[in-house]
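> the following block contains a protein sequence and its predicted model.
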Amino acid sequence: MSEFREAVVDLGAVAANVAHLRAVIGTPHFMAVVKANAYGHGVVPVARTALAAGADWLGVADLTEAHALRDAGIEAPLLAWLHGPDTDFAPAITRDIDLGVSSARQLRAIADAAGRLGRVANVHLKLDTGLSRNGLNAPDWAEVFALAAGFERDRLVHVRGIFSHLSNASPAADDEAVARFCSGLDLAAAAGLAPELAHLASTAAALRLPAARFSMVRIGIGLYGLSPFDDATPRELGLAPAMTLRASVAAVRRVPAGAGVSYDYLWRAPEDGNLALVPLGYADGVPRAASGSARVSINGQGYPIVGRIAMDQFVVSVGQDSVEVGDEVVLFGDPDARPVPFRSRVTGIPATLDRKGTGADKWEPVPSAADWADAAGTINYEIVTRIGHRVPRSYRNEEPAG
């Protein structure tokens, strides 16, 4: 490990996840959702890997993210769907970025920018089918469809897609949303619109609600090898988690029974024992809410975090075990992956032959992002996405398989 803290991203896992999901889902088109710095994994490497592995569209939330992809030389079809009230759409139109439309006001602004440029803007009309966030309200659909059809006749816009997003509140709620979406497509056709793309499903619906697949799916969390379900692990879905968050032990100390640890002394040592300091904290995205409940892996053994997680560091109780400065700490990764040998930068002892002489067969699985989500009272999406800029990303298997 070249850094004392890093997020290791296995691009081979990303490629395998894309190939697997594309084969299982089977839609004509497959959008890799790489918003929020590819859920914390690194937008440009992930986008390139996903495209090489079979994705034919990229999706991001806003135009800043979209322009970053174009700046990196990525010219694949690209959709951005969340815009501020005073967005200048001209640069996006010039760079062939498709634009999500959630209001008549946005549609008019896009048409105006296209007219000034003398170009046709590609848009995807977003319908609110029950999530009550951005998207066209159902009573406004007919009016906006008619407006869009007029702009198409004037060669200002082309309605390339119509889309929506599910609440995942319940199977019944999602079925109702699918029905509303279908009625919206019918209404658009009656207005003279003929979009090439209809897309509704994210990873969860793409896997468990075939009626929501339409001509394209938008795959986010599954791209990164994480499960959108509480009742299925990544392995059960045929996915491999791509990110491993790890650090080096920064300090080791022995404390007597009763010694308080970290702010507010939420934990005191029940007996004499050893503590390891890990140089990651909530400034790096480690959730403070997981204080006292999350676990990490050191030298292949699981240990609890004790005391408050601080801004830059946290403390692990290793009991009577021997841990050295420089030993690797894994916060989360792929529990199903075999341990990768490394050597402590201080002792040089191979990790697969630990100090107890137990060997790799005694190693415990590393925690998962879902384990950390449970400890922090949140979701696995947040655990990976919140990893901050102080944590360098390093990449394995940068040449996609195939």
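On my side now, so go ahead.
> contacts only, for the closest residue to Asn380 other than its chain neighbours.
Distances taken as CB to CB, 6 or more residues apart in numbering put Ala369 closest to Asn380, at 4.2 Å, once the chain neighbours are dropped. Placement of C-beta: from N, CA and C, glycine included. For Ala369, the contacting residues are Leu226, Pro241, Met243, Phe332, Asn380, Ile383, Val384, by CB atoms under 8 Å, 6 or more residues apart in numbering.
> beta partners of Met216?
Beta-bridge pairing of Met216, defined through DSSP bridges, involves His29, His199.
> now it: how far from Met31?
Met216 is 6 Å from Met31, where distance means CB to CB, to the nearest Å.
> who touches both of those two?
Listed as contacting both Met216 and Met31 by CB under 8 Å, 6+ apart are Trp57, His199.
> related to what we said a few turns ago, can you list which of the contacts of Ala369 are found in strands?
Secondary structure assignment by DSSP state E places Met243, Phe332 of the contacts of Ala369 in strands.
> contacting residues for Ser293?
Ile305, Ala375, Ala376.
> er, Pro195 I mean
By CB under 8 Å, 6+ apart, the residues touching Pro195 are His124, Leu125, Val159, Arg160, Gly161, Ile162, Ala188.
> repeat for Arg208
Phe229.
> how close does it sit to Ser227?
Applying CB to CB, the value for Arg208 to Ser227 is 11 Å.
> and what of Ala310?
Using CB to CB, Ala310 is found at 30 Å from Ser227.
> of these two, who's got more company?
Between Ala310 and Ser227, Ser227 has the larger neighbour count (other CB atoms under 10 Å), namely 23 against 17.
> what's the pLDDT at the closest residue in space to the more buried one that isn't next to it in sequence?
Closest residue to Ser227 apart from its sequence neighbours, by CB to CB, 6+ apart: Pro234 at 5.1 Å. We have a pLDDT of 97 for Pro234.
> okay if I get the contacts of Pro195 as a markdown table plus secondary structure, pLDDT and distance to Leu63?
A markdown table is the format used below for those (DSSP: H, G, I helix; E, B strand; the rest coil; pLDDT from 0 to 100; distance: CB to CB, whole Å):
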| residue | secondary structure | pLDDT | distance to Leu63 |
| --- | --- | --- | --- |
| His124 | strand | 99 | 14 |
| Leu125 | strand | 99 | 17 |
| Val159 | strand | 99 | 19 |
| Arg160 | strand | 99 | 17 |
| Gly161 | strand | 99 | 17 |
| Ile162 | strand | 99 | 20 |
| Ala188 | helix | 99 | 25 |
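> neighbour count and distance to Gly326 for those residues - can I get that in a markdown table?
Below are the contacts of Pro195 laid out as a markdown table (neighbours: other CB atoms under 10 Å; distance: CB to CB, whole Å):
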| residue | neighbour count | distance to Gly326 |
| --- | --- | --- |
| His124 | 21 | 50 |
| Leu125 | 26 | 55 |
| Val159 | 25 | 58 |
| Arg160 | 17 | 53 |
| Gly161 | 25 | 52 |
| Ile162 | 29 | 55 |
| Ala188 | 23 | 61 |
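> which one of those residues is nearest to Ala146?
Taking CB to CB as the measure, Ala146 lies nearest Ala188 of those, at 10.0 Å.
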